[in-house]
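> generate a structure from the sequence data that follows.
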Amino acid sequence: MPRLRAGSLHPVSFRLNGRTVSGRAEPRMLLSDFIRHVLGATGTHVGCEHGVCGACTVQIDGIPARSCLTLAVQADGAEIRTVEGLAAPSDRLAPLQEAFRDHYGLQCGFCTPGILMSLDALLRERPDPAEAEIREFLSGHLCRCTGYGTIVRAALEAARKLREQARNA
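Sure, this is the predicted structure:
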């Protein structure tokens, strides 16, 4: 990566939820701020700003990452997926989102986008996770409302639905 000058704006371009987007950012601008304030995609929430709570989790090239710990200039050329990219183009909820709705996997909803992005990646990699795996995977997310039981049930249901869809495809 070339040396970037502090205080200068640098071009940043990447694919966000399947669309090429671009903007300009100072070298120290966080990806979370770039996504929310420059691009206007506000589904990614910012909680602790220290990478602890997981609310800002997005997928960078398919891997869950804390957008509050990633600089916008680091994402140049990457494929970024946020919670807005989960639903199908037909504006229907994704199976994971449906399961969260059906199993009351969210209350205030603040932590939900980050949890959904992590679980989406887990279920793509491990279509039949055990409950213990889901709990371990979610250990990096803080939710003060649900107690995690409903989140885990929703994840198990989504995994079942996704396996069923794959068999019928």
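> so where do the strands sit in this structure?
Taking DSSP state E as the test, the strands found in the chain are 10-16, 19-25, 57-60, 63-66, 79-81.
> for the longest helix that the chain contains, name the packing helices and strands.
Ordering each helix of the chain by length in residues (DSSP state H) puts helix 149-168 first. Contacts defined by 3 or more C-beta pairs under 8 Å, 6 or more residues apart in numbering; DSSP states H and E place helix 149-168 against helix 95-102, helix 112-125, helix 131-137. Where you see a C-beta, it was placed from the backbone N, CA and C, and this is true even at glycine.
> where does this structure have low pLDDT?
Along the chain, the model assigns pLDDT under 70 to residues 1-2.
> quick revisit: would CSV of the helices and strands packed on helix 149-168 with mean neighbour count be doable?
Shown next, in CSV, are the helices and strands packed on helix 149-168 (neighbours: other C-beta atoms under 10 Å):
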stretch, mean neighbour count
helix 95-102, 20
helix 112-125, 22
helix 131-137, 15
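> got the ones you listed as JSON lines, with distance to Ile80 columns?
As requested, the helices and strands packed on helix 149-168 are exported to JSON lines (distance: least, C-beta to C-beta, whole Å):
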{"stretch": "helix 95-102", "distance to Ile80": "18"}
{"stretch": "helix 112-125", "distance to Ile80": "10"}
{"stretch": "helix 131-137", "distance to Ile80": "20"}
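> quick one, which of those helices gets closest to Thr44.
Closest to Thr44 of these is helix 112-125 (C-beta to C-beta; 5.9 Å).
> how far does the closest one sit from its chain's centre?
7 Å (C-alpha atoms, centre = their mean, to the nearest Å).
> same question for stretch 4-24.
19 Å.
> so which of the helices and strands packed on helix 149-168 gets nearest Val73?
Among those, helix 112-125 comes nearest to Val73, with 21.2 Å by C-beta to C-beta.
> pretty sure Thr82 is in contact with Asp120, am I right?
No - taking contacts as C-beta atoms under 8 Å, Thr82 lies outside contact range of Asp120: 10.6 Å.
> pull up the overlap in contacts between the two.
Contact criterion C-beta atoms under 8 Å, 6 or more residues apart in numbering; residues shared by Thr82 and Asp120: Gln59.
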